[in-house]
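J.: Here is a sequence together with a model predicted from it:
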Amino acid sequence: RDLSCRRVIAAGRGEQAEGEGAMSEGLSPQDLEKRAVGEAAATHVADGMVIGLGTGSTVKFFAEALGARIAGGLKVRALPTSEASIDLAQRYDIPLIDWSVTTSLDLCVDGADEVSPDLSMIKGGGGALLWEKIVASAAAKRIYIADSSKLVARLGAFPLPVEVVRFGHQTTAERLAEHCPDVALRATPDGPFVTDSGHFIYDCRMGAIDDPAALDRALGAIPGVVETGLFVGMVDMLIAVRDGEAATIEGPDGVWWG
Ligand code: 5RP
């Protein structure tokens, strides 16, 4: 049990200990959970490691904690999972490398949008699913970090992101609609959202996903689909919040929700 994490989460509920007020100021209860799991993940980074640096608001807290350890002398190099992840690394002085340096990663740390009791996940809320899956697949160990809102009995309430090539994306969307009742092109105020690889994303409101692996295979077989946000069999370690504490599990046996 990481008591420092527990204290930090408790601080968000107005139970803060002396001296913790400034540290927790301005953070919502959810952000306090994100910080707790991010800080816990940073303790798993060892000297000399090459790590995959995930994307998102939870990973931001991991990067912040890792940056502090690097400032203290830890030697780490990071492969980013998005342009946003590059910005994050630069913000916290985490040295970056690219694939020309190595294709072997010791560890990857990333967030999740939903995690089900069999440790399948939906990712890609931030649109980085393709790079995230490539980086995770190259890592010897994958740690995912999630606040308690991400733990679900069944995947599918969160719209499943599917990255597609722009050419013929309208017909690709029609094929996606054969599997999903509600398919929407992700948009920004300036037009369609474009991924770091120049593709579009369709968000598929599935409602409930009974068999994530089968759905991943079916969607992946559609011409034009580059990658889905279904991450199946990829969690080596999950750090999530249980009863206000950062808790670590290394397989479905340890699951407490669902
Ligand atoms: C980005 C992702 C993120 O990991 C996921 O969306 C979680 O983000 P956050 O930590 O901000 O909730 O998959 O593509």
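T.: Now that the structure is in, tell me what you want to look at.

J.: which bits of this structure sit near the ligand?
T.: Taking C-beta under 6 Å from any ligand atom, the part of the chain that reaches the ligand is made up of 54-58, 110-113, 123-129, 132. To be clear about C-beta, it is placed using only N, CA and C from the backbone, and glycine gets the same treatment.

J.: Out of those, which end up buried?
T.: The neighbour-count test (16 or more other C-beta atoms under 10 Å) marks 54-56, 58, 110-113, 123-129, 132 as buried among the residues of the chain next to the ligand.

J.: now for whichever helix or strand Gln170 is part of, which elements pack on it?
T.: According to DSSP states H and E, Gln170 maps onto helix 169-177. The helices and strands touching helix 169-177, judged by 3 or more C-beta pairs under 8 Å, 6 or more residues apart in numbering; DSSP states H and E, are strand 160-164, strand 182-185, strand 200-205.

J.: what sits up against that helix?
T.: Residues outside helix 169-177 that contact it (C-beta atoms under 8 Å, 6 or more residues apart in numbering): 162, 164-165, 183, 185, 200, 202, 204, 219, 222-225.

J.: so which of the helices and strands packed on helix 169-177 gets nearest Asp98?
T.: Judged by C-beta to C-beta, the one of the helices and strands packed on helix 169-177 that comes nearest to Asp98 is strand 160-164, at 20.7 Å.

J.: What strands line up against that closest one, and which way round?
T.: In its sheet, strand 160-164 lies beside strand 200-205 (antiparallel), strand 225-228 (antiparallel), with partners assigned from DSSP bridges.

J.: Can I get it as PDB, trimmed to CA atoms?
T.: Only the C-alpha atoms of strand 160-164 are listed here, as PDB (Å, rounded to 0.1, in the frame of the first residue of the first chain):
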ATOM      1  CA  LEU A 160     -14.800   3.100 -29.200                       C
ATOM      2  CA  PRO A 161     -12.300   5.100 -31.400                       C
ATOM      3  CA  VAL A 162     -11.400   3.600 -34.700                       C
ATOM      4  CA  GLU A 163      -8.700   5.200 -36.800                       C
ATOM      5  CA  VAL A 164      -9.300   5.100 -40.500                       C
END
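
J.: same question for that strand, mean pLDDT?
T.: With pLDDT averaged residue by residue, strand 160-164 scores 98.

J.: Need the contact partners of that strand.
T.: Residues from elsewhere that reach strand 160-164 (C-beta under 8 Å, 6+ apart): 122-125, 127, 129-130, 172-173, 176, 180, 186, 195, 197, 199-206, 209, 215, 219, 224-230.

J.: between it and helix 169-177, how many degrees?
T.: Angle, strand 160-164 to helix 169-177, by axes from the mean of the first three to the mean of the last three C-alpha atoms, to 10 degrees: 140 degrees.

J.: Show me what the residue nearest the centre of the chain is bridged to.
T.: Geometric centre of the chain, nearest residue: Gly111, 2.1 Å, by C-alpha atoms, centre = their mean. Residues in a beta bridge with Gly111, per DSSP bridges, are Ile145.
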